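# Provided below for reference: sequence and predicted model.
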Amino acid sequence: MKILKMHSQKFIFLILASLLIIQFAIQLTSAAEFSISMEVYGEDVLATYDLSSYSEQMIIELPSHSQILDVYLNNVKIQPNINENSLIINQSFQTLQIKLKNSYFVESNSKKYFTFNQKMPFEANLNIWLILPESATLDTSDSAYPTPQKSTDGQHIILDWTGSLKKGESFSAFVIYREKPASSSILYITGLIILVIAAFYIFVLPYIKKIREKKEIKAELVDSEKRIVNSLKKANGELWQKQIQLQTGFSKAKLSRMIRNLEARGVIKKIPVGNTNKIKLQ
């Protein structure tokens, strides 16, 4: 009887140990992770799917209109096997990462509307993060459904959904947000900068060019022309034409010809006064 009792205890112990092992295996199976991180850039959304530890063939139904950018299986980039919007994985893996872009998650009006739906390819703990644009604000506490955890990195609002879903179940999210317009001070500063640049090109730059051209012209004066300019400088920039003729000793015809040339080049200005002319340096 004592021996039979010992065998019975061992049998019960083995059954309990088996049950614990089975339960532990079930927990390991159900502990698979499926994470989706999404960030909104204007009308585009960049998404990264991270899946862990799966040992069977898997078909992942991606949101419609998604453009797959990269797929990494066990940290090695692979060529994806895609059938319409489904990604087919034919081998077991420890890690699977999918990067994609989608332009149909966000609709614009006076507000922005983000909609998302994902069907589960296997039973797993689902974690989803949505990073809104830097200028985004949520209207009310019920602007996101289902209600997420909210946090911020100092620049962006981050929405976080978590839960355990079975194979074939779907997760859907809906978010309404606004994007802040640029502040009035930034608009004012930007407008002021544009006005300053425009004024420089319209008024200042032509003036600088004109001065530079005058300097170049004056540097090219011949000796006889320099005598006329020097006479005007000594007289504070202004003389009668007759006075210049007396100081330089040029003939009336030669002086008239030289004054016409200097005036055409912008060095001097001739002002008719009665039967003579007053000559000014420009």
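All right, it came through fine.
# When you work out contacts or count neighbours from here on, use the C-alpha atoms and nothing else.
Noted.
# which residues does Gln132 contact?
If you look again at residue 132, you'll see it is Leu, not Gln. Glu39, Val40, His156, Ile157, Ile158 (CA atoms under 8 Å, 6 or more residues apart in numbering).
# Make TSV out of the residues you listed and add neighbour count and pLDDT.
Putting the contacts of Leu132 into TSV (neighbours: other CA atoms under 10 Å; pLDDT from 0 to 100) gives the following:
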residue	neighbour count	pLDDT
Glu39	18	96
Val40	21	95
His156	17	94
Ile157	18	95
Ile158	18	96
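# wait, which of these is closest to Leu100?
Glu39 (11.0 Å; CA to CA).
# Name the helix or strand for that closest one, please.
strand 33-41 (DSSP states H and E).
# Quick one: list the elements packing against that strand.
strand 44-54, strand 124-131 (3 or more CA pairs under 8 Å, 6 or more residues apart in numbering; DSSP states H and E).
# Just the C-alphas of it, formatted as CSV.
Presented in CSV, the C-alpha positions along strand 33-41 are these (Å, rounded to 0.1, in the frame of the first residue of the first chain):
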residue,chain,number,x,y,z
GLU,A,33,4.5,41.1,-29.9
PHE,A,34,3.1,43.2,-32.8
SER,A,35,4.1,46.9,-32.7
ILE,A,36,3.2,49.7,-35.2
SER,A,37,4.9,53.1,-35.0
MET,A,38,3.4,55.8,-37.3
GLU,A,39,4.5,59.4,-37.9
VAL,A,40,2.5,62.0,-39.8
TYR,A,41,4.3,64.2,-42.3
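# and for it, what are the contacting residues?
Here strand 33-41 makes contact (CA under 8 Å, 6+ apart) with 45-53, 124-133.
# Could I get the buried residue list for it?
Neighbour-count burial for strand 33-41 flags Glu33, Phe34, Ser35, Ile36, Ser37, Met38, Glu39, Val40 (criterion: 16 or more other CA atoms under 10 Å).
# which of those lies closest to Val273?
Of all those, Val273 sits closest to Val40, with 75.7 Å by CA to CA.
# how much space between that closest one and Ile157?
As judged by CA to CA, to the nearest Å, Val40 and Ile157 stand 11 Å apart.
# what do those two both touch?
Ile131, Leu132, Pro133.
# before we move on, back to that, give me the buried entries from the contacts of strand 33-41.
45-53, 124-133.
# wait, what's in contact with Thr137?
Ile157, Tyr177, Arg178, Glu179, Lys180.
# ok, 10 Å please
Ser143, His156, Ile157, Ile176, Tyr177, Arg178, Glu179, Lys180 (CA atoms under 10 Å, 6 or more residues apart in numbering).
# From the residues you listed, list the buried ones, please.
The neighbour count (16+ other CA under 10 Å) marks His156, Ile157, Ile176, Tyr177, Arg178, Glu179 as buried among the contacts of Thr137.
# Out of those residues, which is nearest to Ile82?
The shortest approach to Ile82 among the buried ones among the contacts of Thr137 belongs to Ile176, at 31.5 Å (CA to CA).
# Return stretch 262-273 as CSV; C-alpha atoms alone will do.
Extracted in CSV, the C-alpha atoms of stretch 262-273 (Å, rounded to 0.1, in the frame of the first residue of the first chain):
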residue,chain,number,x,y,z
LEU,A,262,32.0,113.6,-70.1
GLU,A,263,28.3,114.3,-69.8
ALA,A,264,27.4,111.2,-71.8
ARG,A,265,29.5,109.1,-69.5
GLY,A,266,27.8,110.6,-66.4
VAL,A,267,30.9,112.4,-65.1
ILE,A,268,29.5,115.9,-65.3
LYS,A,269,26.2,117.6,-65.9
LYS,A,270,25.8,120.6,-68.3
ILE,A,271,23.1,123.2,-67.3
PRO,A,272,22.3,125.8,-70.0
VAL,A,273,22.0,129.3,-68.6
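# for the record, mean pLDDT for it?
On average, the pLDDT along stretch 262-273 is 89.
# Counting neighbours, what do you get for the nearest residue in space to Glu61 that is not next to it in sequence?
Sequence neighbours aside, Ser86 is the residue nearest to Glu61 in space, at 4.4 Å (criterion: CA to CA, 6 or more residues apart in numbering). Using other CA atoms under 10 Å, Ser86 has 15 other residues around it.
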